[in-house]
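Trainee: Using only what follows, build the 3D model:
(4 chains)
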Amino acid sequence: MNPVNYLYLSALLFTIGAAGVVIRRNAIVVFMCVELMLNAGNLALVTFSRMHGNLDGQIVAFFTMVVAAAEVVVGLAIIVSVYRSRHSASVDDAALMKL
Amino acid sequence: MGAIATAAVPAARRELAKWLALGVSLATFVLAAVIAVRFDPDGDRFQLTESRAWIADFGVRYELGVDGIAVVLVALTALLVPFVILAGWRDADPAGGSAASTQSRWRPTQGFFALILAVEAMVIISFLATDVFLFYIFFEAMLIPMYFLIGGFGDKAHEHGEEEAARQRSYAAVKFLLYNLAGGLIMLAAVIGLYAATSDQLGAGTFSLQEILQARGNGELELSTNTERLLFLGFFFAFAVKAPLWPLHTWLPNAMGESTPPVAVLITAVVDKVGTFAMLRFCLGLFPEASDWATPLVLVLALVSILYGALLAIGQRDIKRLIAYASISHFGFIILGIFAMTSQGHSGATLYMVNHGISTALLMLVAGFLISRRGSRLIADYGGVQKVAPVLAGTFLVGGLATLSLPGLAPFVSEFLVLVGTFSRYPVIGIIATVGIVLAAIYVLVLYQRTMTGPVTEKVAKLPDLRVREVLVVAPLIALLVGLGVYPKPLTEIVNPAVEHTMSDVQKTDPEPDVTPVEAAHE
Amino acid sequence: MSKGVHSLWMAQDGVDKIEAPHIEYDLLAPTLIVVGAAVLGVAVEAFVPRRHRYVVQVGLAVLAMAAAFGAVVTLAATGHGTDEAQTAAMGALAVDGPALFLQGTILLVGVLGVFTFAERRLDPAAHGNRVDSFAAEAAAVPGGEAEQSAVKAGFTTTEVFPLLLFATGGMLIFPAANDLLTLFIALEVLSLPLYLLCAVARRKRLMSQEAAVKYFLLGAFSSAFLLFGIALLYGYAGSVKYAVIADVVAGNPQNMTPALADTMGNDALLLIGGAMLLLGMFFKVGAVPFHMWTPDVYQGAPTPVTGFMAAATKVAAFGALLRLLYVVLPGMKWDWRPVMWGIAIVTMVVGAILAITQTDVKRLLAYSSIAHAGFILAGVTAANEEGISSVLFYLAAYGFVTVGAFAVVTLVRDAGGEATHLSKWAGLGRRSPLVAAVFAVFLLAFAGIPLTSGFAGKFAVFKAAAEGGATPLVVVGVIASAIAAFFYVRVIVLMFFSEPRPEGPAVTVPSAFTVSAIAVGVAATLVLGVAPQYFLDLAGDAGVFVR
Amino acid sequence: MESLIGLLVAAPLLGAAVLLCGGRIPQIDRTGHWLGTVLAFTSFVLGLVLFADMLGKDGEERALQSHLFTWVPVEGFQADAAFQLDQLSMTFVLLITGVGSLIHLYSVGYMEHDERRRRFFGYLNLFLAAMLLLVLADNFLLLYVGWEGVGLASYLLIGFWQHKPSAATAAKKAFIVNRVGDVGLSIAIMLMFVTFGTFAFEPVMNSVGETSEGKLTAIGLMLLLAACGKSAQVPLQSWLGDAMEGPTPVSALIHAATMVTAGVYLIVRSGAIFEAAPDAQLVVTIVGAVTLLFGAIVGCAKDDIKKALAGSTMSQIGYMVLAAGLGPIGYAFAIMHLVTHGFFKAGLFLGAGSVMHGMNDEVDMRKYGGLRKYMPVTFVTFGLGYLAIIGFPGLSGFFSKDAIIEAAFAKGGTQGWILGGAALLGAAITAYYMTRVMLMTFFGEKRWEPDANGEMPHPHESPRSMTIPMILLAVGSVGAGAFFDVGERFVHWLEPVTGFEHGHLPEGLSVAMVTGATVTCMVLGVAAAWLQYGRRPVPAAAPRGSLLTRAARRDLLQDDFNHVALVKPGEYLTRGLVYLDHKLVDGIVNGTAAAFGGLSGRMRRIQNGYARSYAVSMFGGAVVLIAATLLMRAV
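Mentor: Next comes the predicted model:
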C-alpha cells in the first residue's frame, strides 16, 4: 500500500482535531482533540520514517507519546480543578478575563 | 568640558536643594563663561573637542565640541538657568499644610530643581554634541525631565479651578511629550537611515558630524537625491516640532500656558533652541542639497509661523498663551533666517536665538510674577497695574518692547539681520515677514494696555511691587538686552566664523549688491 | 557535523554494535544543573518537613541558577561562545554564542524570578504565617473548607520552585536545541510547568485557573501544530537534525536517497511544515494573530509568574526562532521574509493600538509585550549577523525591564490583593514617589526613550532591519513606537499628575528579595541604556550560530 | 569737537537713565525735574558750541564725522554706531535742544502737581536723546534706532496718564501706526543693502546713479511710507489727533515741533534718491498737498483746542513734505518752514497748555471765551504765534510759507499749478481755522462751565517757568523768518548739504503775484472766520453742521475707514484663526489620537475572553500563514 495514503489520513485526523478544538465546548473534549492532532502528527512521523527508511520519525513519535502523557497529567489536573471550582468543564464558561 | 555634564547632573536632595541648585547652575555658568572666553573665533571650526568611544557597535562616539554658534547658545543656557531657578524659588514649595503633603513622601521642591538641572545638562550636551547619535539621545532624553516639569509643577491658576488646572496640565504635558516623541522617533528613523548610508559607502557606519562632513567634502559619501531628501525631512520634522514651526506648534501654547513661568522660560528660551540650533547644524550641515531643495517650503512655513503666531497672539485671552504664540512667531523668524542661506540670515538667526531667549525670559518671568500675585492668567483680570506696581510694569514693558524688537534692544539687531538676510535672497518673503513687526507691536501693546494701564481694578489694587529677589532676576536680563542691543559685537565675532563654515557647507555665497559701494563706510 | 557523531538510528551493524551515545557533560552543565536541581526539588517536597521546605527550596533554586550561570560564564570564557562553538549530545544541542548568551540571560532573569517567587512580605500574614503569592493548596476548591484549613495550617505551595526550575531547564534547552525533537521536548518542558504555575495564585484563584486553562489548551493546540510541522519537515528532509535539514533545504543533501529525492521535490511539505513550525514559535512569543492568550494569561497568572514568563519565555522562544530561521531555513529566506515582515508589522501595530485602551496594568504590559515582540521580529527579519546580535541585545534588555516592571506591580496592593486596575494607580507618584519613579523608568524603557535599555535595543534592531533592507519595517516600527509611547505616558501621567484617591492602594514594603529584583532591573535598564557597549559586544560576539 | 557729538546724545540719555532707574531714591524723586532740565540745556549749550565751531569753517568743510564703534559686524554687513554732523543735522540739533530745553522748563511748572513728574522728565530726556540720535546718525540703520526711539518716547508720553483708557489707547495707536511706517523704513534699508551693499548715507547717495530708477523709486516710496507714519501724513495720519491725549508740553515738543518733522528730515536727507526717482518725488508732493488740505479741513471742525492745533500741525507738515518733494528748489524752504513752524507751533501749544492750566484742564473751546483779559501774557504770545502761522506779512510763517508756495508753482506745468493752488487754498483755510481758535478762546463772552468736580474755572496767568518759554518762542515766531530770509541766509547755510536751485515761476506769474495771492487768501480766511465766530456769539453746544463738518469732526472718517478696512477684518481674522488653531490644527492631532483610541476600542472586542475564539484566531492565522507561504513560492 502506498504510504502516502497514511499521510492523507494523518492530515485528515489533524484537521478533524483542529476543528474539534475550535468547535467543542467541553474542555476535556477539546483536550482530546488536541491529542488527536498530536497523534495525527505521530502517524505522519511514522509514515515518513517508513518512507525514508530511517528511524528518526519513530523515535520522535515515542517521545511525543510521553509528552502527550505528561500533557494529560498537567492538563487534567488543571481542568479538574477548574471543574471543581466552577462545576463546569465548558471552556466558554471561563471568560472572566477579556477585552 | 565633560565636567559640565557631570557638574550639572547631580540632583539636589536636601533641604538646601534650592541653594545647591542655584550654586550648581552658577558654577555651570562660570564654566560656560570660561568656555566662551577660551573659544577662539579665528581658530578651528570645532574647538575644545573631546572624543571618546561610546557605543562602538553603533558607531557612536561621545564627541563634544563647540563652534561659534554652539558656544553662544551654551552660554545662553547657562546664563538663563540661574535666573529660572531664582525665579522659581517658591514655585515648587508644597502647598502649606494640605493633607496631601503630610501623608506623602512627595518632595516636590528637590525634584523641581533637580529636574531643571537635568534639563540644563541635557540641553548643553545637545549643543555640544558633534555626534549625531549623541545629539539625538540627549535631544530625546531631555523630554522626560521637561515632561515632569510641565506636568508636575504646573500653574495652579486656572479660571475653572484647580481640578481643571490639573487636567489641563497633564493634557499639556502629554501633548508636549507625544509631539516631541513623535518628532524624535521620525528622526530616529532618519538617524538609522543615515547610519545605513554611511556604512554602505564608507565601509563603517559613523555618526560623527566631522567625519561625515569630511566625507561629503571629498566626495566619498554621495547620497542619492531621494535618500538625502528623505533623511533631511526626517531630521527636519523633529526639529520643526521642537522649534516649533507651523503647523506643528500647538503643543507650545498648552505647555507654556500650563507650566510655571520659569518652566515656560525653560521650554521656549532654552529647550526649543535646540530645535533651531539643530536645523542650522545638522539639517544644513548634513544635507545641504536637500536643504536647498526644501528651502521654498520651509520659508513659506516659517512665514506662516511668523504671521500666524502673531495673529493668534493678538487673539489670546491668556497672558502666557499670548507669549507662547509670540514665541511661535519669533521662531518663524529664526527659521526664516536659517533657511535664507545668507550670512546675515545665519548670524541673525543665531543672535535671534540668544536674544529671544533673554527677551522671552524677561517677559515671561515678569508675567509670572504678576500672575502669582493675582492668581489669574486672564488678561481681562488685570488693569491699571502700572499705577500700583510701577517697577513691575516698567520691566514688563521693557520685555514687551524687546519682544517687538525695538531698536536699541538686542532683538532688533537679530531680527533686522534675519530680515536683511532673507530679503537679499527672497525679497517678497522678506517684505511679507516685515508685516510681522507690525503685528508684534499690536500684540505687545494690546497686552500692555489691557494689563498695565487704565483704571486700577479692585483686585489689582493691593498687588505689591517686585521684591528684591525678583528685581535681582529681572535687572541683569534688562542690562543684557540693552547691552547686546547697543554692542553685539562680542557675540557676532564669535558667531561669524561658524556662519562662514555653515555657508560653505551649503555651498552658498551671499548675493552681491547691484552696485559696488563707492567706498567702505569707514576705514 | 563533527566526525564523532554517529547516526544511532541506522542500525546496519546489528543491535549489539550500537555505540553508547557520547555526552559532553561539561558542555551541558548549565541545563543539567538546573534540571537536576528541579528533580532534587521534587525530592525535597517529598522528604523535607513542611516548615523547612521554603528555605531549602529557595536556597536550592538560587544555588542551582547561580551555579548554572557560573557554568555558562565559564563556557563562554573558554571560548565556547565563539571559536569553540560546537554541538553536544550527538548534535542534539548547540553550544554556541547565541545559546550561551540567551542561557545566561534566562538564568539571570530566572534568579530574579526566584526572588519574586520567594517574596513573603507582601501579602498580609495569614494566621501568623507569612505567605507568598501562591495558593495554600492549589488543589483545593477556591473558598472551600479544604482551602481554609490549608490557609490556617500555613501551607504554601513550595512546589513552585521546582516547577520554576523545570521551566527554566526547558528554556535553557529551547534556544540551544539543534534538532526538531529536542526543540519539541524543550518546548513542552518549559510549557507544562508554566501552565501549572499559572494556576496556583493565592488570590483571584478563579482567574488564575481560567488563565491556566486557556494557556494550556491554546498551548497544547499550538504544540500540535508544531509537531505536525516537525513531521512534515522530517518528511521533506528525512531527518530532524537542523544541519541536515538545512542542507536539504539548500538543495545539496549529504546522503542522497531515492526517497529523499522524491520528498525533496515536494515543496509543499517544506513550506507547510516550515509555516507550522514558525506558528509554534509565534505562539510562544505572542505574535499577532497568535497573541490572544497573552493578555488573559498575563492578567490571570500570579504576578511573579507573569513576570518570569513574560521575560524568560520570550527570550527562549526568540532564541529558538532565530536558530530555526538562521540555521534551518536560510535556504528559504525568500519565502519566510515576506511572511515575517507581515507578522512583524501586524504585531507592532496591533499590540500598540490595543494597549491604548487597556485599563489593567498587567493587560497593558501584556499588550506592550506583544508590541515588543513585533519590534524584535523586525530585527529577526534582518537576516544578517547584525540582526542576530541586535535581537540578543534587545531580549536581554527587555527581559530585565519586564521582570522589574512586574515586580513593581506586585507591590501596589489594596485590601483585595494586588491593585492592578489602572484607576487605582492614580496619584501613586505622590504617595510613593520612589516606586512610581522606578516604574516610570521601566515604562520609559518600554517606550524606548534614550538613555534607557529600551532605546538601545530598539535602535539596534531598527538599525539591523534598515541595513537588512527592511526600511518600511523601520518606518512602521517608528510609528508603532509613537503610538505605544502614548499609553506608557498615560500611565506616568496617571501616577504623577493625578490626585491620589483616598481609598487608593498602598505600596507594601517588600523584603530584600523583591527589592533586589527591582534594583537589578533598574540597574540593568540604566546600564544597558547609558553604556551598552559591553553588552553589545557580548551580543555581537555571540552573533554566529553553529551548525 | 567730534567727541562733543557723542556727548550731545549722552547728556539727555544719562538723564533718562538716572530718572527712570533711580526712581526710588528720594533725592532724585524730588529734584529730578531740574536734573532733566539742566541736562537738556547742557545739550543745547553743546549744540551751540558745535554751531559756533561750524560757523568758523567754510561751507564745504563744516560736516563732522564721529565714528564710535562698529555696531553689528556680520559677514558682508556693516552697521556702525557713527555720527555725522552737518548743517542739516545742526539745524535740527539746535531746534530740538533749544525748543526742547524751553519745554523742559515749561513742564517744570506745568507738571508741578503730578506725582509722577520725575518719570515725565525721564521720558522727555529719553525723547531728546533718541531724536538727537535720529538726526545725528550717519547711516539709515542708526537713524532707524533713533526713529523708533522717538516713537517709544512718544508712546510713553502720549500714554503718560495711563489711568485714562483713552490715553493708553491713543498711545498704542500712535505706536502701531508708526510701526506701519517703520516697515517702510526697514524695507527701504533692506533694499538699499541689497542694491548698494551698505546703508550709510554717503556711499548710498554717491552711488545713486549706478542703479536703476525702478529700485530707487521703490526705495523712495518706502522712505515716504516711513515719513508718512512719523509725520502723520495721509494715509498714516490718524494717530496724531489722538496723540493729543498726552500732556500739553509733549504735544508741543513731540507732536508739533520736533518728532513729527522727522519725516521731512528723512526725505530731505535722502534727497539724492528722490531726485533720481521722479515718480517717487511726485508721490511725495501729492502726499504733501493732500495732507495739507486734509489737516486744514480737520482743523476747521475741531472744538478741542489741541486737536484743532493737531490738524494744523498735520497741515503744516504737509507743506514741508510738499516742499521736500519739490527737490533742490524746495529742500531749504521745507527745513526753514520746519524751523519756523517749530517756534510758532510750540508756542501755540504751550499757549493752549497755559489756557488749559488756567481752565481746569478743559479743552473744549466752546467752553472758553473772553480769556484775553485773564491771561494777558498767554494771549499775546498765542496771538503772535497765530499771526505767524497764518502768514501775516513780516512774521516768520509768512516767509517760509510763501517760499514754499512759490516753489510749488515753480515746479512748472500742470503739476505746478495744482500744487501751488492747493498750497494757496491751504493758506486760506489755515487762516480760517486759526482765527476760529483765536476768537473762540480769547474773544467773545465767557462760556465757562464747571468741571467734572463741579468747580468753576478761575482762569489765571501761568507761573513764570511757563510764561518765559512762551515768550521766547513768541520771539522766535516773530523774528526767525525774517532773520533767515534776509540775504537767503538759511538757504546758503543748507546749500552744501541739500543743494539749492532757484525755482523759476511759470510764464505769467511773478513773485509778487504769488505773495499777493497768499496774502489775499489769508485775509479771506480770516474774514470768513470773523464772520462766523467773531460777529456773533459762539454756541456752547456745537451745531450739527454740514456733512463735511461732521466728517471733519470725525477726522474725515479716517478712523472709521481704518476700523472697517483694517481693524474689523483683523479682529475677524484673529478670532477665526484662534478658532481654527483650536479646532483644525489641534483638532487633527487630537482627532488622530481619538481615532487610534476608537480603533483600539473596536479591536479589543475581538478579545472576547473565549478560548475557542482565540483558537479560531490561531487556526485562521495558521491558514493565512500557510497560504501566504505557499503563495510566496507560487509568485
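Trainee: I'd like the average pLDDT over stretch D:66-80.
Mentor: Across stretch D:66-80, the average pLDDT comes to 78.
Trainee: ends of that stretch, how far apart?
Mentor: 10 Å (Cα to Cα, to the nearest Å).
Trainee: and the residue in the stretch 351-500 of chain D positioned nearest to chain C, how far is that from residue D:477?
Mentor: Closest to chain C within the stretch 351-500 of chain D is residue D:452: 53.1 Å, counting by Cβ to the nearest Cβ. C-beta: built from backbone N, CA, C; applies to glycine. For residue D:452, the distance to residue D:477 equals 34 Å [Cβ to Cβ, to the nearest Å].
Trainee: Which of these two has more residues huddled nearby?
Mentor: Using other Cβ atoms under 10 Å in any protein chain shown as the criterion, residue D:452 and residue D:477 rank with residue D:477 on top: 28 against 8.
Trainee: Pull up the residues of chain A that are close to chain D.
Mentor: For chain A, the residues in contact with chain D (Cβ under 8 Å from any Cβ of the partner chain) are A:18, A:21-23, A:25, A:30, A:91-92, A:94-99.
Trainee: and if we set it to 7 Å?
Mentor: Selection of chain A residues close to chain D by Cβ under 7 Å from any Cβ of the partner chain yields A:18, A:21-22, A:91-92, A:94-95, A:97-99.
Trainee: Provide a ChimeraX selection command restricted to the buried entries of those residues.
Mentor: Only the buried members of these end up in this ChimeraX selection, burial being decided by 16 or more other Cβ atoms under 10 Å in any protein chain shown:
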select /A:18,21,22,91,94,95,97,98,99
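Trainee: Return the item of the residues of chain A next to chain D having minimum pLDDT.
Mentor: Across the residues of chain A next to chain D, the smallest pLDDT goes to residue A:99, namely 67.
Trainee: Show me what the mean pLDDT comes to for the helix or strand hosting residue D:598.
Mentor: For residue D:598, the host element (DSSP states H and E) is helix D:586-603. The pLDDT scores in helix D:586-603 average 82.
Trainee: List the buried residues in that helix.
Mentor: By neighbour count on 16+ other Cβ under 10 Å, the buried set for helix D:586-603 is D:586, D:589, D:593, D:596, D:599-600.
Trainee: Is any residue of it near chain B?
Mentor: Yes: legend: contact between helix D:586-603 and chain B by Cβ under 7 Å from any Cβ is shown at D:586, D:589.
Trainee: which residues are in contact with that helix?
Mentor: B:250, C:350, C:353-354, C:356-357, C:483 (Cβ atoms under 7 Å, 6 or more residues apart in numbering or on different chains).
Trainee: and the helix or strand following that helix, anywhere near chain C?
Mentor: Downstream of helix D:586-603, the first helix or strand assigned by DSSP H and E is helix D:611-634. Yes: counting by Cβ under 7 Å from any Cβ, contacts between helix D:611-634 and chain C involve D:611, D:614-615, D:617-618, D:620-622, D:625-626, D:628-630, D:632-633.
Trainee: how much distance is there from helix D:611-634 to the middle of the chain?
Mentor: Taking Cα atoms, centre = their mean, to the nearest Å, one finds the center of helix D:611-634 at 82 Å from the center of the full chain.
Trainee: what does the average pLDDT come to for that helix?
Mentor: What helix D:611-634 shows for mean pLDDT is 86.
Trainee: what comes up buried for that helix?
Mentor: For helix D:611-634, burial by neighbour count (16+ other Cβ under 10 Å) applies to D:611-619, D:621-622, D:624-626, D:628-630, D:632.
Trainee: Can you give me the pLDDT of residue 15?
Mentor: Answering for chain A, as no chain was given. Residue A:15 is assigned 93 on the pLDDT scale.
Trainee: My question was about chain B, not that one.
Mentor: Residue-level confidence at residue B:15 comes out at 47, pLDDT.
Trainee: Pretty sure residue D:158 sits against residue D:246.
Mentor: Yes: Residue D:158 lies in contact with residue D:246 (Cβ atoms under 7 Å); the separation is 4.0 Å.
Trainee: before we move on, the earlier item: what about the helix holding residue D:598, distance to the chain center?
Mentor: Taking Cα atoms, centre = their mean, the mean C-alpha location of helix D:586-603 is offset from the chain mean by 55 Å.
Trainee: pretty sure residue D:72 is in a helix, no?
Mentor: No: counting by DSSP: H, G, I helix; E, B strand; the rest coil, residue D:72 is not part of a helix but strand.
Trainee: doesn't residue B:413 make contact with it?
Mentor: Yes: between residue D:72 and residue B:413 a contact is recorded at 5.4 Å, counting by Cβ under 7 Å.
Trainee: Have a look at the two and say which one is more surrounded.
Mentor: Comparing residue D:72 with residue B:413 by other Cβ under 10 Å, the one with more neighbours is residue B:413, at 30 against 25.
Trainee: doesn't the more buried one fall inside a strand?
Mentor: No: assigned with three-state DSSP, residue B:413 falls outside any strand and is helix.
Trainee: That one and residue D:74, how far apart?
Mentor: 9 Å.
Trainee: For the stretch 101-250 of chain B, what lies in contact range of chain A?
Mentor: Counting by Cβ under 7 Å from any Cβ, no residue of the stretch 101-250 of chain B is near chain A.
Trainee: The stretch 101-250 of chain B against chain C: which residues are in contact?
Mentor: Proximity of the stretch 101-250 of chain B to chain C, by Cβ under 7 Å from any Cβ, involves residues B:104-107, B:136-137, B:140-141, B:144, B:148, B:151-152, B:166, B:169-170, B:173-174, B:177-178, B:181-182, B:185-186, B:188-189, B:192-193, B:195-196, B:199.
Trainee: Identify the residue nearest the most centrally placed residue in chain C in space, chain neighbours excluded?
Mentor: The centroid of chain C falls nearest to residue C:313 when counting by Cα atoms, centre = their mean (1.6 Å). Leaving aside its sequence neighbours, residue C:313 sits nearest to residue C:284 (Cβ to Cβ, 6 or more residues apart in numbering or on different chains; 6.1 Å).
Trainee: Just to check, residue D:328 is in contact with residue D:497?
Mentor: No: in this structure, residue D:328 is not within contact of residue D:497 by Cβ under 7 Å, at 11.0 Å.
Trainee: between the two, which one's more packed in?
Mentor: In this view residue D:328 and residue D:497 are compared by other Cβ under 10 Å, and residue D:497 has more residues nearby, 22 against 16.
Trainee: which stretch of helix or strand covers the residue of the stretch 401-547 of chain C found nearest chain D?
Mentor: Closest approach between the stretch 401-547 of chain C and chain D, counting by Cβ to the nearest Cβ: residue C:483, at 6.0 Å. Using DSSP H and E, residue C:483 falls within helix C:471-497.
Trainee: can that helix be found next to chain A?
Mentor: No: against chain A, helix C:471-497 shows no contacts by Cβ under 7 Å from any Cβ, the least distance being 14.9 Å.
Trainee: now the helices for the stretch 101-250 of chain C?
Mentor: In the stretch 101-250 of chain C, the helices defined using DSSP state H, counting those that start in this stretch lie at C:145-152, C:160-173, C:180-198, C:205-237, C:242-250.
Trainee: swap that for chain A, sorry
Mentor: Under the criterion DSSP state H, helices of chain A are mapped to A:4-23, A:27-52, A:56-86.
Trainee: Mean neighbour count, these: which tops it?
Mentor: Most buried of the helices of chain A by mean neighbour count (mean count of other Cβ atoms under 10 Å in any protein chain shown) is helix A:27-52; its value is a mean of 23.
Trainee: So which elements touch that one?
Mentor: When contacts are defined as 3 or more Cβ pairs under 7 Å, 6 or more residues apart in numbering or on different chains; DSSP states H and E, helix A:27-52 packs onto helix A:4-23, helix A:56-86, helix C:205-237, helix C:258-264.
Trainee: Within range of chain B, give me the residues from the stretch 101-250 of chain D.
Mentor: Proximity of the stretch 101-250 of chain D to chain B, by Cβ under 7 Å from any Cβ, involves residues D:139, D:144-145, D:148-149, D:152, D:159, D:162-163, D:165, D:168-169, D:172, D:175-176, D:179-180, D:183, D:186-187, D:190, D:193-198, D:200, D:203, D:206-207, D:210-211.
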